[in-house]
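J.: generate coordinates for the sequence data below:
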Amino acid sequence: MALSRKPPARLRNNNATIATADISVPGSLIPFLAGMDVVIHAASYVGSEPRLAQEINEAGTDHVVEQCRQAGVARLIYVSTCSVYGRGPHRGILESEADYHPASVASASRAVAEQLILGYGGEVVRPNLVFGAGDRWFVPGLLKLMKVAGGWPGDGSALLSLIGVEALGGLLSGLALAPGQPGHAFHAAYPEPVRVSFLLQSVARASGVEYPKFLGDDERAGSALRAAGFSGHQIDLVTKDHWYSSEGLWRVSGREPETFNSVLGEFSSAYHALRESTR
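T.: Numbers count the residues shown, from 1 in each chain. Below is the predicted model of the structure:
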């Protein structure tokens, strides 16, 4: 069963049952939790409004935990973010090696949510950058960044952890079906990081835009990006190394590790609509 505040008009999996619920409303999940073995909590607010971050990520997660406790749900898995670590560079760190240093309202509230989940004995999954169907932030954000800056800030050498939404779903389902790992956190990413220059080449090809020129440390680009509303943290996320050891989740989930190169067709298909809209 899948619970959603706004159920999709079309189901991608005809075997799924979609029901309406809102984690910000106390008690709204209870009717659906009876007999559930595992709950995957993937509802998060990723904007910059403090009230909404507190209401959804903190209070909402507290509601999820309490209702799972009341219903006797044995396992609770939370989809968080590597952004709880804050500004990089991060290079191959293990889940046990990094502390919380969130640099945004959303990340700070999701760090609080993680503590609630781990306190319940749940498990946390931290993707870094997610691409694929339904993406309204990552690749669209890269395209906007290039347009505003008139190129790409930096030299394109940064290494990033990526994961496709299909692979992320597979890792989550694999984890849910595996024996529980109480109190554990996992990174969700392809084991091999992706160089930004190659990522941008893939974005340009999939979206039908020109490959950007690299601007280095051109302060004019930085000023233009800040004026357009990009924070220093957002710029750092895609111009400095942010990659994380992820072998643990692939192993526990029982899935064969993939690479970004192996899903380039999936990547291109996901952004076909962007290609049409940028012509």
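
J.: can you tell me the element the residue of the chain most remote from its centre falls in?
T.: Counting by CA atoms, centre = their mean, the extreme residue of the chain relative to its mean C-alpha position is R220, 29.8 Å from that point. Counting by DSSP states H and E, the element that carries R220 is helix 219-227.

J.: between whichever helix or strand comes after that helix and helix 219-227, how many degrees?
T.: Downstream of helix 219-227, the first helix or strand assigned by DSSP H and E is helix 232-239. Interaxial angle, helix 232-239 versus helix 219-227 (axes from the mean of the first three to the mean of the last three CA atoms, to 10 degrees): 120 degrees.

J.: for helix 232-239, enumerate the helices and strands it packs against.
T.: For helix 232-239, the packing partners by 3 or more CB pairs under 8 Å, 6 or more residues apart in numbering; DSSP states H and E come out as helix 138-149, helix 219-227. For the C-beta atoms, the positions are set from N, CA and C on the backbone; glycine is no exception.

J.: go ahead and name everything in contact with stretch 231-245.
T.: Among residues not part of stretch 231-245, those counted as contacts by CB atoms under 8 Å, 6 or more residues apart in numbering are 82-83, 86-95, 103-104, 126, 128-129, 141-142, 145, 153-154, 158-161, 187, 189, 193, 196, 222, 225-226.

J.: C-alpha coordinates for that stretch, CSV please?
T.: The C-alpha trace of stretch 231-245 is given here as CSV (Å, rounded to 0.1, in the frame of the first residue of the first chain):
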residue,chain,number,x,y,z
SER,A,231,22.6,29.7,-1.9
GLY,A,232,26.3,29.0,-1.4
HIS,A,233,25.4,25.6,-0.1
GLN,A,234,23.4,24.8,-3.3
ILE,A,235,26.3,25.8,-5.5
ASP,A,236,28.8,23.9,-3.4
LEU,A,237,26.7,20.7,-3.7
VAL,A,238,27.4,20.5,-7.5
THR,A,239,30.8,22.2,-7.8
LYS,A,240,32.7,20.5,-4.9
ASP,A,241,33.2,16.8,-4.2
HIS,A,242,30.2,15.2,-2.5
TRP,A,243,30.5,11.5,-2.7
TYR,A,244,29.8,8.8,-0.2
SER,A,245,30.6,5.2,0.4
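
J.: which pLDDT value goes with G86?
T.: At G86, the model reports a pLDDT of 93.

J.: number of nearby residues for the closest residue to it other than its chain neighbours?
T.: Nearest residue to G86, sequence neighbours excluded (CB to CB, 6 or more residues apart in numbering): H101, at 3.3 Å. Using other CB atoms under 10 Å, H101 is surrounded by 13 other residues.

J.: how about L215?
T.: Under the neighbour criterion other CB under 10 Å, L215 is assigned a count of 19.

J.: quick one: the strands in the stretch 1-150 of the chain, in order.
T.: In the stretch 1-150 of the chain, the strands defined using DSSP state E, counting those that start in this stretch lie at 2-4, 18-20, 38-41, 75-79, 90-93, 123-127, 129-131.

J.: partners of the first one, with directions?
T.: Going back to what we said before, that points to strand 2-4. Partners of strand 2-4 in the sheet, by DSSP bridges, are strand 18-20 (parallel).

J.: also the third one?
T.: For strand 38-41, the paired strands and their directions (DSSP bridges) read strand 75-79 (parallel).

J.: same question for the last one.
T.: Paired with strand 129-131 in the same sheet, following DSSP bridges, are strand 162-164 (parallel).

J.: list the contacts of the residue lying closest to I30 once chain neighbours are set aside.
T.: Counting by CB to CB, 6+ apart, I30 lies nearest to Q67, which is 5.3 Å off, once chain neighbours are set aside. Taking CB under 8 Å, 6+ apart, we find Q67 in contact with G27, L29, I30, L33.
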